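Q: sequence and predicted model, in that order:
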Amino acid sequence: KNEVEQSPQNLTAQEGEFITINCSYSVGISALHWLQQHPGGGIVSLFMLSSGKKKHGRLIATINIQEKHSSLHITASHPRDSAVYICAVRSVNQGAQKLVFGQGTRLTINP
Amino acid sequence: DGGITQSPKYLFRKEGQNVTLSCEQNLNHDAMYWYRQDPGQGLRLIYYSQIVNDFQKGDIAEGYSVSREKKESFPLTVTSAQKNPTAFYLCASRTGGAGLGYGYTFGSGTRLTVV
């Protein structure tokens, strides 16, 4: 079993829908990252969380440390949100602050 | 603007040849990383470096080599010993420290195809 599991693996929705992507992890962590990978392959860091909730524009990220679970929400989704969203955790046991990545969720927003 | 530059974006090589992927950053970050991405899998760590002239093997280092002679540069060589080199390779760097939070910056990647 992977240390970081994302669901769903693929998600297709219509423009304007509210989107939720989930991330569960099995290790103790010091932080969790949400990343966005566009079709060209480059990755952009969206959020870094260690507790609670963060919001940036239409994106909201939450984390529940006790349940070892995080969610990424997109409100009023738009076709330009189509990308692969990746959850990554920084394990407390990794002295070099290495990240462990989920396999990604491919999101497609249709107009 | 500061960032990470990976080159080239696409690279084709014949089987048995070594190939070097470039990664340059102007962010003044100490730590740099190389990841490999295969379809349907999460990114896997190949090598990382926390400081100039020092680097450590990651989870899948076999068949790869790196150097860190300058803070700005962390090239990755895919050797002929790598059994399945065709993949997408991402370079990243990290800033910050305890209490500040660690921020990661990623490059745009190099897609290597070995024929």
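A: Sure thing, it's come through.
Q: so A:His78 touches A:Gln14, yeah?
A: No - shown here, A:His78 and A:Gln14 do not form a contact pair, counting by Cβ atoms under 8 Å, at 10.7 Å. C-beta here means a position set from N, CA and C on the backbone, and glycine is covered the same way.
Q: which residues do the two both contact?
A: A:Ile109 (Cβ atoms under 8 Å, 6 or more residues apart in numbering or on different chains).
Q: contact partners for the residue nearest to B:Trp34 when sequence neighbours are not counted?
A: Distances taken as Cβ to Cβ, 6 or more residues apart in numbering or on different chains put B:Ile46 closest to B:Trp34, at 4.3 Å, once the chain neighbours are dropped. By Cβ under 8 Å, 6+ apart, the contact set of B:Ile46 is B:Trp34, B:Tyr35, B:Arg36, B:Gly58, B:Asp59, B:Ile60, B:Ala61, B:Tyr64, B:Val66, B:Leu76, B:Tyr89.
Q: same question, A:Leu72
A: The neighbourhood of A:Leu72, defined by Cβ under 8 Å, 6+ apart, consists of A:Thr20, A:Ile21, A:Cys23, A:Trp34, A:Leu46, A:Phe47, A:Leu59, A:Ile60, A:Ala61, A:Tyr85, A:Cys87.
Q: can you get me a residue count around the nearest residue to the fifth one once chain neighbours are set aside?
A: Read that as A:Leu46. Nearest-residue entry for A:Leu46: A:Trp34, 4.5 Å, with adjacent residues in sequence omitted and distances by Cβ to Cβ, 6+ apart. Other residues within reach of A:Trp34 by the criterion other Cβ atoms under 10 Å in any protein chain shown amount to 24.
Q: where's A:Trp34 relative to chain B, distance?
A: Distance of A:Trp34 to chain B, computed by Cβ to the nearest Cβ, to the nearest Å: 11 Å.
Q: who's that residue bridged to?
A: A:Phe47, A:Cys87 (DSSP bridges).
Q: what's the helix or strand bottoming out on mean pLDDT in chain B packed up against?
A: Lowest by mean pLDDT, DSSP states H and E among the helices and strands of chain B is strand B:103-106, with a mean of 85. In terms of contact count using 3 or more Cβ pairs under 8 Å, 6 or more residues apart in numbering or on different chains; DSSP states H and E, strand B:103-106 is assigned the packing partners strand A:43-49, strand B:87-95.
Q: any idea which of those is most buried?
A: Among those, strand B:87-95 has the highest mean neighbour count (mean count of other Cβ atoms under 10 Å in any protein chain shown), at a mean of 22.
Q: which other helices and strands does it contact?
A: Under the contact definition 3+ Cβ pairs under 8 Å, 6+ apart, strand B:87-95 sits against strand B:4-7, strand B:19-25, strand B:31-37, strand B:76-78, strand B:103-106, strand B:110-114.
Q: ok, residues contacting the fifth one?
A: Just to be clear, that refers to strand B:103-106. When contacts are taken as Cβ under 8 Å, 6+ apart, the neighbours of strand B:103-106 outside the stretch itself are A:33, A:35, A:42-45, A:48, A:99, B:3-4, B:25, B:27, B:29, B:90-96.
Q: ok, 6 Å please
A: The contact list for strand B:103-106, computed with Cβ atoms under 6 Å, 6 or more residues apart in numbering or on different chains, reads A:Ile43, A:Ser45, B:Ile4, B:Leu90, B:Ala92, B:Ser93, B:Arg94, B:Thr95, B:Gly96.
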